[in-house]
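> no FASTA, just this:
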């Protein structure tokens, strides 16, 4: 059984065409330049009885131009095919695009951060200017306060100097008011005592007798220390400072002459326990404190002599040294820190 139809018998003058156009195209277009262009392998011969078609002279130039245009398009397409994107070029392009995008993003972020930083710097600058202004105000106030304090300190020093001067003058006045007074310590107290007679007996005992007219006033004064069991002091105002000095000198002479029987309560006609009696100038409260401090310092520094003359306090280291006038507490400080001058060294200078 014959399934494949027989090949047709060709008429003379006809050509045989390839049924498989693909194979025909491949054979003809084996050249790379002819790829994807279908070209006919062989042109069929026209039949003897076919009329000869001569090209139209008017149509031929347009066909030639069209053919040229097609060739140019094909050439450009082929060039574009050669310039197809490779993997490396694609990676480079992506990297370039990503780099550009990242740069823009970073630039925007940095711009935002710089803007925020600039705002903070502006705030900080404003705050700094504010604090600087306040600092200058405080500085100006401190300078003004320092000036005021300096003036106040100068005024204070001046006032202290004036106060010390006034205190000294007041002490001099107080002591001057006591220039005719004597102070007697150690006289026992009795309810029925007669202080004027007691003083008259004392003056008779020391060899410098007084009478009632010589005693202008006599009384006991309050104790500085109320807890002390010593009797209160007796203050007597005499006619004059000379009379006072006479009594004081007589007491000193009596005690020197009678070292074993110094002036006591028995010499005043007072019965009972024998108590020593001391007679001295009547000092002001400030001078009393200074005299007590001087006696204490004299014991600490081995000064042998402390005495009072006309309300002034003197000390002497011994018979070979000169006397020192204790004017105030500052003199005591200097006396404590500096050695005393001897009489011979002072005369040699």
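Sure thing, it's come through. Only a predicted model underlies this, so the values are computations on that prediction, with no experimental measurement involved.

> tell me which residues of stretch 156-172 come out buried.
residue 171 (16 or more other C-beta atoms under 10 Å). Bear in mind the C-beta positions are built from the backbone N, C-alpha and C, glycine included.

> off-centre distance for that stretch?
38 Å (C-alpha atoms, centre = their mean, to the nearest Å).

> average model confidence for that stretch?
The average of the pLDDT scores along stretch 156-172 is 91.

> ok, residues contacting it?
The list of residues contacting stretch 156-172 from outside it, by C-beta atoms under 8 Å, 6 or more residues apart in numbering, reads 284, 286-287, 328.

> run through the protein and note the low-pLDDT ranges.
Within the chain, the ranges that satisfy pLDDT under 70 run 1-60, 77-85, 339-349.

> for the stretch 101-250 of the chain, what spans make up the strands?
In the stretch 101-250 of the chain, the segments counted as strands under DSSP state E, counting those that start in this stretch are 181-185, 215-220, 234-238.

> any chance of these in TSV, plus distance to residue 105 and mean neighbour count?
Formatted as TSV, those follow (distance: least, C-beta to C-beta, whole Å; neighbours: other C-beta atoms under 10 Å):
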stretch	distance to residue 105	mean neighbour count
strand 181-185	106	20
strand 215-220	109	15
strand 234-238	108	21
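
> wait, which of those strands is closest to residue 268?
The closest of the strands of the stretch 101-250 of the chain to residue 268 is strand 181-185. By C-beta to C-beta, the value is 9.3 Å.

> partners of that closest one in the sheet?
Strand 181-185 has its sheet partners listed here by DSSP bridges as strand 234-238 (antiparallel), strand 278-281 (antiparallel).

> what strand or helix carries residue 74?
Per DSSP states H and E, residue 74 falls inside helix 60-82.

> still on that earlier bit, which one of the strands of the stretch 101-250 of the chain lies closest to residue 305?
Comparing those by C-beta to C-beta, strand 181-185 comes nearest, at 19.4 Å.

> that closest one to strand 215-220, inter-axis angle?
Strand 181-185 and strand 215-220 are oriented at 30 degrees to each other (axes from the mean of the first three to the mean of the last three C-alpha atoms, to 10 degrees).

> can you tell me what sits against strand 181-185?
Identification of contacts with strand 181-185 by C-beta under 8 Å, 6+ apart yields 199, 202, 230-231, 233-238, 244, 247-248, 277-283.

> for residue 313, give me phi and psi.
When read as degrees, to the nearest 10, the backbone of residue 313 gives phi -100, psi 130.

> next, count neighbours for the nearest residue to it once chain neighbours are set aside.
Closest residue in space to residue 313, ignoring its immediate chain neighbours: residue 326 at 4.3 Å, by C-beta to C-beta, 6 or more residues apart in numbering. By other C-beta atoms under 10 Å, the residues close to residue 326 number 23.

> how close does residue 326 sit to residue 177?
21 Å (C-beta to C-beta, to the nearest Å).

> over to residue 62?
157 Å.

> helices of the stretch 201-349 of the chain, start to end?
Using DSSP state H, counting those that start in this stretch, the helices found in the stretch 201-349 of the chain span residues 241-257, 285-300, 329-337, 343-348.

> the ones you listed: which one's closest to residue 109?
Across these, residue 109 has its closest neighbour in helix 329-337 (78.5 Å, C-beta to C-beta).

> hmm, who's touching the closest one?
Taking C-beta under 8 Å, 6+ apart as the rule, helix 329-337 contacts 290, 293-294, 297, 300-301, 315, 324-326.

> just the buried ones from those?
Among these, those buried by neighbour count (16+ other C-beta under 10 Å) are 290, 294, 297, 315, 324, 326.

> farthest pair in those residues?
Counting by C-beta to C-beta, the most remote pair of the buried ones among the contacts of helix 329-337 is 290 and 324, 13.0 Å apart.

> need the longest helix for this protein.
Secondary structure assigned by DSSP state H gives helix 87-177 as the longest helix of the chain.

> and that one, how far from the chain's centre?
Centre to centre, stretch against its chain (C-alpha atoms, centre = their mean), the figure for helix 87-177 is 13 Å.

> relative to strand 234-238, how tilted is that helix?
Relative orientation of helix 87-177 versus strand 234-238 (the same axes, to 10 degrees): 60 degrees.

> begin at 15, not 1, for the rest of this chat.
Got it, first residue is 15 now, which makes that one helix 101-191.

> between the strands paired with strand 195-199, which one is closest to residue 122.
strand 292-295 (103.1 Å).

> where's residue 244 relative to residue 327, distance?
22 Å.

> now swap in residue 203 and tell me
From residue 203 over to residue 327 the distance is 28 Å, taken as C-beta to C-beta.

> the two: which has the busier surroundings?
Neighbour count, other C-beta under 10 Å: between residue 203 and residue 327, residue 327 has more, with 22 against 10.

> tell me who's in contact with residue 326.
Neighbouring residues of residue 326 by C-beta under 8 Å, 6+ apart: 339-340.
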